[in-house]
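1. Sequence and predicted structure, then a few things I'm wondering about:
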Amino acid sequence: MSGGELLLTTFNGLSFAGLLFLVASGFTLIFSLMGVLNLAHGSFYLWGGYLGLVTLGATGSWVLALLAGALGVALGGGVLERLVFRRVRGIELSEVLLSVGISLVLADLALAQFGGDSLTIAPPAALAGSVELGGLVVPRFRLAVIVAAVLVMIGLAVLLRRTRVGAIIRAGVDDEEMLDALGVNVRRVAAAVFVLGALLAGASGVVGGVFFGVYPGADAEMLLFALVVVVVGGLGSLQGAVVGSVVVGLVYSFGVALAPDLLYFVLFGPMLLVLVLRPRGILGGRL
Amino acid sequence: MRARAFTITLMALALAACAPPAADDVDVHRTTGPLSIGFVDSLSGPLAGAGTDMLQGARLWLDENGGTMSGRPVELLVEDDHGSTETGVQVTKRLVEANGADLVIGPLAGNVGVALGRYVTTTEVPLVYPIPTSDVFVHENYPTVFPVTGTAPQFNAPLGQWAVAKGHRRVVTICSDYAFGQQVCGGFADRFRAAGGELISQIWPPLGSSDFAPFISQLQRTPADAVFVGLIGADSVKFLKAWKDFGMSGRATLLGSDPAFDQAVLRGVGADAVGLVSVGHFAEGRDNPLTRKFSESFQRAYKKLPSYYAASGYLAVDWTARAIAANGGKVGEAADFVRVMRSIDYPDSVFGPITVDDRGQPVYSVYLREVAAGPGNLPWNTVTETIPDVGATGGLSYDEYLSRPIFSRGYQGGTP
Amino acid sequence: MNMRVTGLVVLVVLAVLLPYGVGEYWVGIATEAAIFAIVALGLNVLMGLGGLVSVGHAGLFATSAYATSLAQQHLDLGFATSGLFAIGVTIAVTALVAALAVRTTGMYFLMITLAVGMLVWGLSHRWSSLTGGENGSVSGVRPAGVTRYYQYYWLVLGVLVAVAVVLWYFQRSRAGMRIRGTRDSAARMTSMGYSPAAQRFVAFLASGTVTAVAGVLYAGYYPVVSPSTAHLSMSILFMLMVIAGGSSVYLGPAVGAIVLTVLRAAVSAETQRWATIMGLILVAVVLFAPDGISGTLRGRLRRRTAVPPQPAREPVAQGAR
Amino acid sequence: MSTFTVAGLAAGYQGHPVVDGIDLTVEPGEAVALAGRNGMGKTTTLRAVMGLAEPAVSAGSVRFGDVELHGKAPHHIARAGIGYVPQGRRIFRSLTVAEHLAVVARPARAGYEPWTMDRVNELFPRLAERAGQFAGTLSGGEQQMLAIARALMTNPLLVLLDEPSEGLAPQIVRQVGDIIAALHASGVGVLIAEQDLSMVRRVADRVYFLDRGTVAAQVTAAELDAHADLLERHLGVGAGHA
C-alpha cells in the first residue's frame, strides 16, 4: 500500500467513522439510560433518509431536508415511545423485542412506500465536488461529515457535562430508581433521551443518504455497524462511541482494502472478543 | 395407555406407508380456460428495483394484448422471492404444487435461478428464465428451462475485444462478488485477455457493500486506462457517486457491463450519467421502431424509462405467448414446450434480432452504448455500435466452451 | 395426564394422515413447519428453561445444514452419515460459542449470539469457495426409500415426535432442573455448589444439538442451502416462534412454529407485506400476550375451570433482566 | 405539614411477604425512629412508602394528610414532600457534588424556609468545599452527608432516612446525628430507620420497634431507658452499654 493510498484509506475510514458516530451516538444514548438495545435504530436512520430525500425533492432546500429527516423521525420516535415502548418500560427483553417488531414494520413500509431502488440525496451545493488536500483528492462532503461528527460530539459532551438536563441523564444512568425517588420524572427523561436518539438517527439518515444512498437494507447495515461500534467502544458511553466509531471506521476501510474476504471476521471478530473479554467494552459504562 | 398410544401411531404409520397419497394432476393439455402463469420475481430486497421493472415489463405486454394469449385469459400469479433462494423455492413450489401453474416465468436473482432450475426439473412445469442466466444453465442444459436472454458472460464478452481495439490495453475490473457478478466479469476478462489486453487487478466488492470509497482508493493510483464495472443496481449507483466524489472522472475510462449502467441505475444517478459507456443487448434509446414504441409506452404507463429488466420481462411474456400459439394454444409437456420456444426466431424485437442456436441458447445483437440525454432530459442508453450474432460461448465452439469450468472468482477465462 | 397423552396421540395420528387430506404443497409446508418446530423446541431449552435469549440460532441451524450438504458433496457421504457428521460439527461449534457466551446473561448474551449468527452468515456469504456463496450449496439428498415428499414428511414428523419426547424427559431430569434453578436464581445455585455457567453450557449444548438435527432435515428438504438460512431474520423468526407460541408451555414453541409457518404460507400468497405482519405479530405478542398463544390459552382455560392462576411470571423476560 | 400516616402496610419481594400490617404516624415536625435488627423490615417499609418497584405492596395505605400516596409513582411521592435518604447512600457516581444538588432541586413550599444551595452549604461546609468533585471520590461520611443534602434540596416536609449510621466511624455517626437533629430543629419531620441506639437517642422523639414485619412496640424517647427489655430484644444492646 503506497503512502497516498494509506492516507486516503485513513481518510475514508475517518469519514466513515464520522457517519458511524452520528448513528451510534443516538443508539448508545438510548442504551445507556434504558439498558436496552433499540434495534429499530436502523429503521429510524432509513426513514430519516427517505424523509430528507422527499423534502429535498419537494423544496430543494438541504436545510429543510435535514430538519425534516431529524424532526420527522424524532416525532415518530416520540409517538412510538409514548404508545408502545412505555408500556413495557423496564422489562428489557420486551423492549428489545418490540424494537425488532417495529423495525420489521418500518422497513417493510418504507419498501412499500419508496420501492426498492437505491436513491441518492444530492449534497448541498456548497459541499458538492472535491478538494485537494496535500495532493489528496477528497470529497468535500466527506470532510464536512467529519466536521459535523466532531461538532455533534462536542454538542453532546456539553449537553451531558455542562447542563442540568445532562446531569439528570447521567444520574439516571447511574441510578434510575434513586433519581425517581428524589422527585425526578425519569420516564419523561427516558422519553426525551429516546427522542434525542431518534433525532440523531434521523439526521444521520439524511447524511448517510448522501454518503451511500437510501435503499432497502441500509437500515440493517447501519444497525449492525452501530452495534459493533457501541460494543467495541463500550456500551452506553459517549467516549466509547467515539473510540468505537474510529476503530470500526478504520478497520472497515483497511479491511476492505486488504482483506475483503475476511470483512465479516474483521468486523464481528473484535466485537465477539470484546464481548467475551470485556463485556462492558473498551471504555464501558460511563456517559 | 402409552403402549396403546404407541401401537396406534405405528398402525397409522404402517397404514399410511401402504397406501401412498395420490398426486393431484393438472391438465396441461387444456386449450381453453385461463392460462395460469407463475411469475417469480424479486420485489423486495436489494434487487427490488430491478424486480419491479421486470414485472412492469410483463404487465405492459399483457395490457397491450388484452391480458390474453391465444385467446385464453392469462392469470399472472406474481410471487416475491425477496432475492432469497429459500423463498424463491418456496413460492415456486406453491405455484407449481398448490396453484397448478401451467408454466413459471422467473426469477430475477441469479442465486434463486440456480435453485429454481434444479427444482423445476423434478416437476412437469417449464421455466421461462427472463434474465441472463448463470453459465450453469449452458453447461447443464436443462431440457425444461428456457433462457430467454442468454447468459451473464454472453453480452460482456464483446466488450473485451472492443476495449483492446479502442486502445484500452490495461484494465482493472470491479465486479460484485457473487455468481452473477463473477460471470459478468469472466465474460469480459476472458475475451479481453484473449485479444491481448492486460488485466492489472480484479476488485471484488461484496454485493450490497456500504461504502465504495475504500475500493476507489485502490483504483486511485492504478496505471490502468480503463475500469470495467460489473456492479449491479444500488452498488453501481454508489460506485458512480464515489467515483465522481473522489475526482476520478477523467483519470480512467469506465467501461460498463450490461447491468452496471442500466436504466435502473441511471435513474438513481441522474444527469451525471451522461457519457457513460457500456455494453448490452438492450438499449432503451436504440433507434428502432419496436424499441421506440416499447420505451414510449413503458414511460407512459410507469413514468420512467424501461431498464433491460423491464424489456426482459416484456420479451419473456411475448416469447411465451408465441410459443403457446405455436403449440396449439396450450403449454403441454414441459420439454415439448421448451423445444417449441427454442424453435422461435425474432427477426426483430425490442432487443433486436434474436435467433436460437443448436443447443437452445439464444443469440443476440450486442450494442456498445453511450448514455445521452433522452426524453425529458432523462439519461438513457443510445447505441454507438452494433455487434451482431453474439452467442453464449464468446465465439468458442461448444466443445471447447463446455470443456472449460464455469466462470467464477477463481476462473476468469483463458485455458484453465 | 392420560387425557393429555390421548389428545397428543390423536394429534400425531391426524398429522400422519395429513398427506391423504391435502396436496403436495401443503404437505411441504407441514414438513417445513415440523422442522421449525424442532428448532423452536430446541431454542426453548435456552429461552424458556434457561432464560437466555439467543438471536443467533439460525447460525447453528445453517451450520448443520451446510455441513450436511458439504459432507454429501465433498466426502460423498449418504443422508444418515452426513447427518451425523453435521450434528457433530454443529455440536462442536455450539460448544465453542457456549464456552464464550455462558458467562453472561441478558443483553450481553443476546449480543454474543447475535455476533455469532452474523459471523456464520458472513462466512456462508463470503467463503464462496466452500459454501458457494450467494448461490448456495446443493442439497436435497434424502435417504433411500424416503424420497417422495410425503415419505420425507413422515420422517420429519417422526423426528419431531422423538425430539419432543426426549426434551420432555430432559427438562424434567436433574440437569433440566438445574438449568431451571439457574434461570430462577443463579446465586442460589452457586450457594448449592453448582456453577451457573456450567448449567447454561449444558442448556446451550442441548439446544444446539436439537437445532443441528433440524438443520440436517432442512438440508434434505430444500434443493439448496443458501446464506439466507443463517440470516438474522431467520433467527428472529425462530425467536418469534418461541415467544408467540409461548415459552412457558412445553409444546408452546412447536405450536408457534406451526402457526407461523402456515400463516406465512397463507399470508404470502395474498400479500407481499409478510414482514409487516410478522412485525405486528411480534409487537402484539409482547404487548398483549406475553405468555404467547398457548400460554394465554392455558391461562384462559385455567380461569374458566376455576383453578387458581399460577403466580404471574414472565418466562422469557426473566433471563434478560 | 400534615400528619403522615401508614396504615396496614403489607409488602414483600417476589411473593415473599416481608412486612405485614405496619401502622405508624409521624406528626408534623416530629422525629420518629423505626428501630429493629437487620431483616425485620425497616428498609422494606421505607421503600414501600416511597413506592419503589420492589417490594410489591399488597395492602395498606400511605397518607400525607388527606393525600393518598400508595400506588403513586416515586417521583409523585417525592414531590408530595417526602425526602428519601436510602440505605447505602446511593449517590450518583458520575455527578459532582454541586450537580447532585442541582439535579433534584425543587421549588420551596409555602410557609417553610426554602432549602437553597447556600443554605445546604451552610449546613454541610465539607460539601461546599468539594462542590466540584465527583461524588464517587468522596469518603463514606461525606457521601452520607451528600445523600442527606440531596434529599433536602427537594424541599421535603418529611425526610426518610434508612440507616444513615451504617458503615460509618462513631465520630462521623455523631456528626450525622447532629445534622439530623439540626434538621429536626428547623421544623422538618424525620422518619429514621436505625439500629444504632446512640443515633436513635440523639434524634428521635418517639421509637417504633419492628419485629418480623410488624410493629412490636412503641415508646417515647423519654421512656427508652425504662425499657431495657425492648432494647435488648430489638437492638441487641443491654441497657448498661448505652
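-> Received the coordinates, thanks.
2. Need the residue closest to the centroid of chain B.
-> Note on chain B: the residue nearest the mean C-alpha position is B:Ile131, at 2.0 Å, using Cα atoms, centre = their mean.
3. you'd agree it is up against B:Gln154?
-> No. Using Cβ atoms under 8 Å, B:Ile131 is not in contact with B:Gln154, being 11.9 Å away. Any C-beta I mention is one placed from the backbone N, CA and C, and that applies to glycine too.
4. just to revisit the earlier point, show me the contacts for the residue nearest to the centre of chain B.
-> By Cβ atoms under 8 Å, 6 or more residues apart in numbering or on different chains, the residues touching B:Ile131 are B:54, B:107-108, B:110, B:113, B:149, B:309, B:312.
5. Neighbour count added to those, as CSV?
-> Listed next are the contacts of B:Ile131 as CSV, based on neighbours: other Cβ atoms under 10 Å in any protein chain shown:
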residue, neighbour count
B:Met54, 30
B:Pro107, 33
B:Leu108, 28
B:Gly110, 26
B:Gly113, 31
B:Thr149, 26
B:Tyr309, 30
B:Ser312, 28
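6. of these, the lowest pLDDT goes to which?
-> When those are compared on pLDDT, B:Gly110 comes out lowest, with 83.
7. Skipping adjacent residues, who's closest to that residue in space?
-> Distance criterion Cβ to Cβ, 6 or more residues apart in numbering or on different chains; nearest residue to B:Gly110, sequence neighbours excluded, is B:Phe180 at 3.7 Å.
8. Could you check the pLDDT of that neighbour?
-> pLDDT, B:Phe180: 86.
9. number of nearby residues for it?
-> 25 (other Cβ atoms under 10 Å in any protein chain shown).
10. What is the distance between whichever helix in chain B runs longest and the centre of its chain?
-> Scanning chain B for the helix with the most residues, using DSSP state H, yields helix B:308-326. Distance of helix B:308-326 from the chain centroid (Cα atoms, centre = their mean, to the nearest Å) equals 13 Å.
11. ok, C:Thr190 - contacts?
-> Counting by Cβ under 8 Å, 6+ apart, C:Thr190 makes contact with C:Pro196.
12. Could you look up the SS state of it?
-> Under DSSP: H, G, I helix; E, B strand; the rest coil, the three-state class of C:Thr190 is helix.
13. Same question for B:Asp348.
-> coil.
14. Skipping its backbone neighbours, what lies nearest it in space?
-> Spatially, and ignoring its direct neighbours in sequence, B:Asp348 is nearest to B:Leu290 (5.7 Å; Cβ to Cβ, 6+ apart).
15. Confirm for me that the one you found is in contact with B:Pro353.
-> No. Contact criterion Cβ under 8 Å: B:Leu290 and B:Pro353 do not qualify, at 10.5 Å.
16. ok, the spatially most central residue of chain C to chain B distance?
-> Most central residue of chain C, judged by C-alpha distance to the mean C-alpha position with Cα atoms, centre = their mean, is C:Val39 at 1.8 Å. Distance of C:Val39 to chain B, given as Cβ to the nearest Cβ, to the nearest Å: 14 Å.
17. Ok, D:Val203 next?
-> 64 Å.
18. Mind pulling up the pLDDT for that residue?
-> The model's pLDDT for D:Val203 equals 82.
19. how about it, what does it touch?
-> D:31, D:33, D:177, D:180-181, D:184, D:190, D:192, D:194.
20. Take the residues you listed and keep only those in helices.
-> Counting by DSSP H, the part of the contacts of D:Val203 found in helices is D:177, D:180-181, D:184.
21. Could I have the PyMOL command that selects the buried members from those residues?
-> A single PyMOL command selects the buried members of those (16 or more other Cβ atoms under 10 Å in any protein chain shown):
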select buried, chain D and resi 177+180+184
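22. Reformat the ones in helices among the contacts of D:Val203 as TSV; add distance to D:Asp205.
-> Below are these laid out as TSV (distance: Cβ to Cβ, whole Å):
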residue	distance to D:Asp205
D:Gly177	14
D:Ile180	12
D:Ala181	11
D:His184	8
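23. So D:Ser198 is in contact with D:Asp178, correct?
-> No. Using Cβ under 8 Å, D:Ser198 is not in contact with D:Asp178; the gap is 11.8 Å.
24. D:Glu142 sits in which helix or strand?
-> Per DSSP states H and E, D:Glu142 falls inside helix D:140-152.
25. what about that helix, distance to the chain center?
-> On the basis of Cα atoms, centre = their mean, helix D:140-152 sits 12 Å off its chain's mean C-alpha point.
26. What's the first helix or strand after it?
-> Assigned by DSSP H and E, the successor of helix D:140-152 is strand D:158-162.
27. Using CSV, list the CA coordinates for that following strand.
-> Provided in CSV are the C-alpha atoms of strand D:158-162 (Å, rounded to 0.1, in the frame of the first residue of the first chain):
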residue,chain,number,x,y,z
LEU,D,158,-40.6,14.8,56.0
VAL,D,159,-37.3,13.1,55.4
LEU,D,160,-37.0,9.3,55.4
LEU,D,161,-33.5,8.1,56.4
ASP,D,162,-32.5,4.5,56.0
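28. That strand: how far from the chain's middle?
-> On Cα atoms, centre = their mean, the centre of strand D:158-162 falls 2 Å from that of its chain.
29. Show me what that strand is packed up against.
-> Packing contacts for strand D:158-162, counted by 3 or more Cβ pairs under 8 Å, 6 or more residues apart in numbering or on different chains; DSSP states H and E, involve helix D:42-50, strand D:82-85, helix D:140-152, strand D:189-194.
30. Mind listing the strands that strand pairs with, and their directions?
-> Strand D:158-162 has the following sheet partners, assigned by DSSP bridges: strand D:82-85 (parallel), strand D:189-194 (parallel).
31. which residues of the stretch 51-200 of chain B fall in strands?
-> Per DSSP state E, counting those that start in this stretch, the stretch 51-200 of chain B carries strands over the ranges B:68-69, B:72-80, B:103-105, B:127-129, B:145-147, B:170-175, B:198-203.
32. Put together TSV for those, with distance to C:Arg273, mean neighbour count and mean pLDDT on each row.
-> Below are the strands of the stretch 51-200 of chain B laid out as TSV (distance: least, Cβ to Cβ, whole Å; neighbours: other Cβ atoms under 10 Å in any protein chain shown; pLDDT from 0 to 100):
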stretch	distance to C:Arg273	mean neighbour count	mean pLDDT
strand B:68-69	30	18	94
strand B:72-80	10	19	92
strand B:103-105	23	27	95
strand B:127-129	27	27	96
strand B:145-147	31	28	95
strand B:170-175	34	24	94
strand B:198-203	37	16	91
